[in-house]
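Colleague: Fold the following for me, if possible:
(3 chains, ligands or ions: 2)
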Amino acid sequence: MEAIILQILNGLDKGSAYALIAMGLTLIFGTLGVVNFAHGALFMVGAFCAVTLSRILTLSHEVVDPTRTDFLGNPLKVDVPYAYDWFGQATGDAIIDWAVPLSILFAVPVMIIIGVVMERGLIKHFYKRPHADQILVTFGLAIVLQEVIKYFYGANPIPTPAPQAFASSMDMGAALGFEAGQIIYPIWRLVYFVFAAIVIGCVFAFLQFTTFGMVVRAGMADRETVGLLGINIDKRFTIMFGIAAAVAGLAGVMYTPITSPNYHMGMDFLVLSFVVVVVGGMGSLPGAVLAGFLLGVIEAFASLPQVLDVLPGLNQIIIFLVAIVILLTRPRGLMGRKGVMEE
Amino acid sequence: MTDQTEQHATSAAPAASSATQSSTKVLGLGPKDFKLMFLVVVLTMAAPFLLNPFPEGSAMAQFNAGYPDLMQRFVIFGIFAIGFNILFGLTGYLSFGHAAFLGVGSYAGIWMMKLLTMNVIPAIVVSVAVAGVFALIVGYISLRRSGIYFSILTLAFAQMSYSLAYSVLTPITGGETGLQPKVADPRILDGALEAGASPRANLFGLEMGAGFEWQVGNWLFTFNAGYYVAAVVMLVAFYLSIRIFRSPFGMMLRAVKSNQQRLSYTGLSPKPYTLAAFVISGMYAGLAGGLLVAMDTQVGAERMFWTASGEVVLMTILGGAGTLIGPVLGAGLIKYMENILSKINKDILHEWFFFLPDGFENLMVELVYPFIGKGWHLTLGIIFMLVVIFLPGGLVEGGQKIAGMFKRGKDADASKTTPAE
Amino acid sequence: MGILEVKGVNKRFGGLQALGDVNLSIADNVCHAIIGPNGAGKSTLLNCLVGKLIPDTGSVSFKGNSVLGRSPHEINQMGISRVFQTPEIFGDLSVLENMMIPCFAKRDGYFKLNAISDVMAQRDMVEKAEHMLEEMNMANKKDMMASSMSRGDKRRLEIGMCLAQEPSLLLLDEPTAGMARADTNNTIDLLKQIKDERDITIAIIEHDMHVVFSLADRITVLAQGTPLVEDTPENIKGHPKVREAYLGENSGH
Ligand SMILES: Nc1ncnc2c1ncn2[C@@H]1O[C@H](COP(=O)(O)OP(=O)(O)O)[C@@H](O)[C@H]1O
Ligand SMILES: [Mg+2]
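Modeller: Ligands and ions are numbered 1, 2, ... in the order given. Purely as a prediction, here's the structure:
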């Protein structure tokens, strides 16, 4: 039992990331009818928003510390972050420590701007073009985005720690009433899961309960009819693209303490996220979320040593295997609608 | 819809040739195709000269691409892209997993070299065959879906192959270290190696690494046996692809791309045609994989990674999907950038902009630097986006547009009489 | 016993009963028109005949063999060709190539890997296709890209492609919809000529009563998924039920 719970928990954080990216992908696909291969890159850009903010917060200047000397006996020069100057040492430290969560505030506007610019500047012109062209141009854009990031931040992963308060692990076993010491789980992963659940909940609530959302959902079901009603659907779709970009960006921001961001992390996630979208059913939001968590958890179970003893390497291929089986048995994925992307 | 102009070019050609009757055929090719084939033969055969236009030691010498390793890559990836184009260019099915067939071909080839002989012929033949069988299995399953579902299925198969080759199948694939022929391998057809000699790939004794250099003034030209073997194979592959494009089979594939529904209601199931195209293009990939092994006698799993599959897509689109010569051009361009552009560093840039005042020199170097050296992918991504946005028919369409501009300037009347326009 | 027998066919789309207990028998060698208001289920009925849709219940048999459970290309091979409501042709291919594909289909049947010989060297196929284009009065357009033609020409080409297969049953879904009067008359002449010269059964869906009464030997009126009456054109013209269901709808436009 403990082992099973542990694996489910282990699958949740990756599953959350899959679900968040896949949700954005399928939102864009469902509303704009565009297959966005640059969506993984948006996730990656989000992660680098966190890197950027923590770099800004730790910008330092040199001051001479009169109370200490170096080994030659001269007064020691130390780097002092500007944050200390502005907020005092204690608050400054706290702010630097909380750089990743604070990045959310920074990333949301940045990502929305990137998303809107992307949609108005590029994607808009591809609505009427074949899906293959959309895939190709966004694939090109993804390459450009990741190369730009590589140019500014280098090719190596950049460790970006979680706040001290969340950096440790907690004993979930004890918390859930099992034997202590059986289910040790890093707190940040739990935070990530809760965060993802909140974001997903917000997006669903937004689509479900606002007029804006209702129009968008109607547009997802039947774009032309809504257009005929005289509703300016294009503007709403631009905003939707911005939101999808923000969701991907947030997924990236919060993922930085789990995996140190590097410039190609987006592509790695994109490939799997596409599998997730397709398994969930193109254009289906609940499908994307369900498939995201499902595949994350399945992957975790396939990584159990007991499983790997019997079927070595299963963890590497399980997602693809599941995808193949589902696509062949359920052509439209778990919750896909008929007639979407089948021409 | 976007590649209409392109399709237009390929489909109008046979129709036009019917007017001039088939009697003017050479080697089974119409006059236009024959010209193209002839041009490609001349270019590949003279490549050691053409790719080394700059004298040794000159500032431009780093743009020379006429060294064996790179020339081999040009033709081998040309084959890969030609094959990919038979699937994507003709049927419109976008496979995101073709590198798997290349990788499988390479592994099959290297095993022939380990077990049978260092002669490249069995290696290449078996590469093609094994890749073909693998493509048949993957294609049979993946083609049950179309559109993005097909793309994802092929991607899934390829990533699975990569992961398996990297981990579980280590006894067959060498895992992370890959495979290369060892002195101790059985090689039942070859005699024992001389003491201290290492196994070398050869064609009936002619070593792939063999060659000679020819110094003309400051120019140094390298003629390499391996390159010429690969080039001849590429020419055969190119010739076959022309024949496929012009054949009834090729027409059916274009019909699949154009309107599957009409094809079904004309009594033809699209599936066997697309599957045949898939297998043929998988065999081309296997051929490319076998040749890679024949040239550098080593394999690693990374050549099956999905980025490698993405690369052949880039090559084909960049050059012009659905055109005959486009994929070869695309492959050449990308491999050139990968090998030449990526080697330029800041010192070289400073040399180029030496003539500018210091401030400007530094500025120019800073401006250009992100796009070259390690940043060559950025240039590639930008070029690729520009091509998809403005030239959906790839470089070939660009060439045609430019040629059209010149033509129109010359004789406005002549173009009017072409009915297909 | 007609060449095509439709018995008790039902088809629902979610809550919508598109076809309700359709019985239809089309006799050999006649031109049978199916008319009815928009949304009556005419196209849906054709879709059930050619394997695009599978009826929920009922049977469809052609020359005594059931077509249900067969894929579209198999049904086509049994001798049913279909012209669609919006022209379905190979837009990226030349007109001649469009016409050659049914010629190949007829000869090669299921699948033949002929990847080396030149398509234009198949003289018999090329000649047959060119001959067919001449019959359709399109020989001068043979090198055009099919997608660049007018809608009337596309429709003409599609009819020609179906005829090139020498089907026993030709299904036409609103062949003159959206056509200019002159084009419509051309199409009527063409279809009349086909009817007279060939051993062929035609089922035609049509809104234009001029076309229907010029061509049809028998007429079935479909309303809300159910056949209302079936009779000769003369009798249909004066039928009160038809006037109500059909003209009533028409006057609403
Ligand atoms: N694939 C489908 N899915 C859902 N409803 C359909 C589908 N095809 C047709 N319908 C509906 O069935 C009814 C009959 O349509 P159709 O057969 O096209 O009518 P028509 O007689 O004008 O050709 C219409 O109300 C149409 O909206
Ligand atoms: Mg209809």
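Colleague: mind checking the SS state of C:F90?
Modeller: coil (DSSP: H, G, I helix; E, B strand; the rest coil).
Colleague: Show the contacting residues for it.
Modeller: By C-beta atoms under 8 Å, 6 or more residues apart in numbering or on different chains, the contact list for C:F90 reads B:R254, B:A255, B:S258, B:N259, B:R262, B:L263, C:E97, C:N98, C:I101, C:A146. For every residue, glycine as well, the C-beta is placed using N, CA and C.
Colleague: Please tell me which one of the residues you listed counts the most neighbours.
Modeller: In terms of neighbours by other C-beta atoms under 10 Å in any protein chain shown, the contacts of C:F90 top out with C:N98 at 33 neighbours.
Colleague: what's it sitting at in phi/psi?
Modeller: phi -50, psi -40 (degrees, to the nearest 10).
Colleague: Mind pulling up the pLDDT for it?
Modeller: At C:N98, the pLDDT value in this model is 95.
Colleague: How about the contacts made by it?
Modeller: C:N98 is in contact with C:I89, C:F90, C:A146, C:L157, C:M161, counting by C-beta under 8 Å, 6+ apart.
Colleague: Identify each of the helices in the stretch 1-150 of chain C and give its residue range.
Modeller: Ranges of helices in the stretch 1-150 of chain C, per DSSP state H, counting those that start in this stretch, are C:42-50, C:72-78, C:95-108, C:123-135.
Colleague: Deepest in the core, which of these is it.
Modeller: Most buried of those by mean neighbour count (mean count of other C-beta atoms under 10 Å in any protein chain shown) is helix C:95-108; its value is a mean of 25.
Colleague: isn't A:F206 right next to A:V215, touching?
Modeller: No - at 11.8 Å, A:F206 does not count as touching A:V215 under the criterion of C-beta atoms under 8 Å.
Colleague: tally of neighbours for the residue in the stretch 101-250 of chain C that chain A sits nearest to?
Modeller: Distance from chain A to each residue of the stretch 101-250 of chain C (C-beta to the nearest C-beta) is smallest for C:S147, at 14.2 Å. Neighbour count of C:S147, defined by other C-beta under 10 Å: 18.
Colleague: go on, A:A90?
Modeller: Around A:A90 there are 9 other residues, counting by other C-beta under 10 Å.
Colleague: which one of the contacts of C:N98 is nearest A:I187?
Modeller: A:I187 has its nearest neighbour among these in C:F90, at 60.8 Å by C-beta to C-beta.
Colleague: re earlier: separation between the residue of the stretch 101-250 of chain C closest to chain A and B:G320?
Modeller: 19 Å (C-beta to C-beta, to the nearest Å).
Colleague: Spell out which residues of the stretch 1-150 of chain A are next to ligand 1.
Modeller: Nowhere does the stretch 1-150 of chain A come near ligand 1, counting by C-beta under 6 Å from any ligand atom.
Colleague: still on that earlier bit, could you dump the contacts of C:N98 to TSV with pLDDT?
Modeller: Below are those laid out as TSV (pLDDT from 0 to 100):
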residue	pLDDT
C:I89	95
C:F90	96
C:A146	94
C:L157	93
C:M161	94
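Colleague: Let me have those in CSV, extended by distance to C:A121.
Modeller: Formatted as CSV, the contacts of C:N98 follow (distance: C-beta to C-beta, whole Å):
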residue, distance to C:A121
C:I89, 24
C:F90, 20
C:A146, 22
C:L157, 23
C:M161, 22
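Colleague: Can you name the residue of the stretch 151-300 of chain A nearest chain B?
Modeller: Closest residue of the stretch 151-300 of chain A to chain B, C-beta to the nearest C-beta: A:V278 (4.6 Å).
Colleague: Now name the helix or strand holding the residue nearest to that residue when sequence neighbours are not counted.
Modeller: Nearest residue to A:V278 in three dimensions, chain neighbours excluded: B:I152, at 4.6 Å (C-beta to C-beta, 6 or more residues apart in numbering or on different chains). Using DSSP states H and E, B:I152 sits in helix B:147-166.
Colleague: And that helix, what does it pack against?
Modeller: helix A:131-153, helix A:265-280, helix A:314-329, helix B:99-115, helix B:120-142, helix B:306-319 (3 or more C-beta pairs under 8 Å, 6 or more residues apart in numbering or on different chains; DSSP states H and E).
Colleague: next one: that helix to chain centre, how far?
Modeller: Centre-to-centre, helix B:147-166 and its host chain are 20 Å apart (C-alpha atoms, centre = their mean, to the nearest Å).
Colleague: Tell me the helix or strand right after that helix.
Modeller: Note on helix B:147-166: by DSSP H and E, the next helix or strand toward the C-terminus is helix B:170-173.
Colleague: Can you spell out which helices and strands pack onto the helix or strand that that next one is followed by?
Modeller: Toward the C-terminus, helix B:170-173 is succeeded by strand B:202-203 as the next helix or strand (DSSP H and E). Secondary structure elements in contact with strand B:202-203, counted by 3+ C-beta pairs under 8 Å, 6+ apart, are helix B:120-142.
Colleague: is the helix it packs on anywhere near chain C?
Modeller: No - counting by C-beta under 8 Å from any C-beta of the partner chain, chain C has no neighbours in helix B:120-142; the shortest distance is 13.3 Å.
Colleague: Mind checking the pLDDT average for the lengthiest helix in chain B?
Modeller: Using DSSP state H to define each element, chain B has its longest helix at helix B:270-296. The predicted model assigns helix B:270-296 a mean pLDDT of 96.
Colleague: For stretch C:119-135, output the C-alpha coordinates as CSV.
Modeller: Only the C-alpha atoms of stretch C:119-135 are listed here, as CSV (Å, rounded to 0.1, in the frame of the first residue of the first chain):
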residue,chain,number,x,y,z
VAL,C,119,2.6,7.2,-66.1
MET,C,120,2.3,8.9,-69.5
ALA,C,121,3.8,5.8,-71.2
GLN,C,122,0.6,3.8,-70.3
ARG,C,123,-0.7,4.7,-73.7
ASP,C,124,-4.0,2.8,-73.3
MET,C,125,-4.8,4.5,-70.0
VAL,C,126,-3.8,8.0,-71.3
GLU,C,127,-5.9,7.5,-74.5
LYS,C,128,-8.9,6.3,-72.5
ALA,C,129,-8.7,9.3,-70.2
GLU,C,130,-8.3,11.7,-73.1
HIS,C,131,-11.2,10.0,-74.9
MET,C,132,-13.3,10.5,-71.8
LEU,C,133,-12.3,14.1,-71.5
GLU,C,134,-13.3,14.6,-75.1
GLU,C,135,-16.7,13.1,-74.4
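Colleague: starting at the chain centroid, how far to that stretch?
Modeller: Centroid displacement of stretch C:119-135 relative to its chain, using C-alpha atoms, centre = their mean, is 23 Å.
Colleague: before we move on, the earlier item: what is the neighbour count of the closest residue to the residue of the stretch 101-250 of chain C closest to chain A other than its chain neighbours?
Modeller: Using C-beta to C-beta, 6+ apart and skipping the chain neighbours, the partner closest in space to C:S147 is C:G91 (3.3 Å). Applying other C-beta under 10 Å, we find 19 residues neighbouring C:G91.
Colleague: For C:G91, which phi and psi angles does the backbone take?
Modeller: Main-chain dihedrals, C:G91, degrees, to the nearest 10: phi -60, psi -30.
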